[in-house]
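# when you get a sec, could you give me coordinates for this:
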Amino acid sequence: MLKQFEDKMQKSLDSMANDFMTIRAGRANPHVLDKVKVDYYGVATPVAQVGNVSVPEARTIMIQPWEPNLLKEIEKAILVSDIGITPTNDGKAIRLNFPDLTEERRKELAKDVKKRGEEAKVAVRNIRRDANDFVKKQNKAGDLNEDQAKDEEDKVQKMTDKYIKQIDEAVDAKSKEIMTV
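Model (predicted):
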C-alpha cells in the first residue's frame with residue numbers, strides 16, 4: 001500500500017545522488033558533462049552521445065567527437081554551461097583541464113551540497129505528508145481501522161527516517177570528498 005510513496009522517496013534520493021555526480025571535486029569526472037547539451041542537427045544531444053569522453057589524466061577530460069565538424073559546437077556548449085572550465089580545442093579533440101580547487105571554492109561547493117541535501121530532505125518530508133494523508137483517507141473511508149492506520153503511519157515514519165539517514169550519509173560523503181585536497 002505504501003510502496004508508491006517509498007518509490008517516490010527513492011527517486012528523491014536518486015535525483016540528489018545524480019546532482020552530486022555533476023559537482024566537481026577537483027578530480028576530472030565525466031559526469032560534470034551530463035547536463036551539457038550540443039546542437040546536433042537541430043537536436044539538443046548530451047556530449048557523451050556525440051563523441052568519446054575519456055579521462056586520460058586525473059585532472060583532464062578529453063572529448064573526441066565522432067564527427068570533426070562538432071568540435072566547435074561542443075566547445076560552444078561547454079562555454080555556455082555552468083561547469084566553469086574553458087575548453088581547449090586542438091583541432092581533433094577538446095580537453096578540459098580541471099584546476100586545483102581553492103579552499104574558498106571547496107567551502108562553497110560543500111555548502112551547495114548541504115543545500116541540495118536539505119532540498120532532498122524536504123522532498124522526502126513532503127512525500128511523508130502525502131503518505132500520512134493517504135492513510136488518514138483510508139481510515140476515514142473505513143478501509144483501515146484505527147490500529148491499522150497507526151501501524152501504517154509508523155511504517156511511513158520509519159521509511160522517512162531511513163531515507164533522511166541515507167541523504168545525510170550521502171551529503172557527508174560528498175562534503176568529505178570535496179574538502180579532501
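# what is the neighbour count of the nearest residue to Q148 once chain neighbours are set aside?
Residue nearest to Q148 in three dimensions, not counting chain neighbours: N139, with 7.8 Å by C-beta to C-beta, 6 or more residues apart in numbering. Where C-beta positions appear, they are placed from N, C-alpha and C, glycine not excepted. By the measure other C-beta atoms under 10 Å, the count of residues near N139 is 17.
# now name the helix or strand holding I83.
Counting by DSSP states H and E, no helix or strand carries I83.
# with A44 instead?
strand 43-46.
# contacting residues for the residue nearest to Q148?
By C-beta atoms under 8 Å, 6 or more residues apart in numbering, N139 lies in contact with 145-146, 148-149.
# quick one: which helix or strand includes it?
Assigned by DSSP H and E, N139 belongs to helix 103-140.
# chain neighbours aside, what residue packs nearest to V171?
G117 (3.6 Å).
# sorry, back to before: buried ones in the helix holding N139?
Across helix 103-140, burial judged by 16 or more other C-beta atoms under 10 Å covers 106, 109-110, 112-113, 116-117, 120-121, 123-124, 127-128, 131-132, 134-135, 139.
# circling back to that earlier point, I'd like the next helix or strand past the strand holding A44.
strand 51-57.
# gap between that next one and the chain center?
21 Å (C-alpha atoms, centre = their mean, to the nearest Å).
# how many neighbours does V80 have?
A count of nearby residues for V80, using other C-beta under 10 Å, gives 8.
# what are the contacting residues of the host helix or strand of K8?
Using DSSP H and E, K8 falls within helix 3-21. For helix 3-21, the external contacting residues (C-beta under 8 Å, 6+ apart) are 29, 31, 34, 113, 116-117, 119-120, 123-124, 127-128, 130-131, 134, 156, 159-160, 163, 166-167, 170, 174.
# circling back to that earlier point, compute the inter-axis angle for the helix holding N139 and helix 3-21.
Relative orientation of helix 103-140 and helix 3-21, computed by axes from the mean of the first three to the mean of the last three C-alpha atoms, to 10 degrees: 170 degrees.
# and N145, what's its pLDDT?
Looking at N145, its pLDDT is 88.
# how about it, what does it touch?
Applying C-beta under 8 Å, 6+ apart, the residues near N145 are N139.
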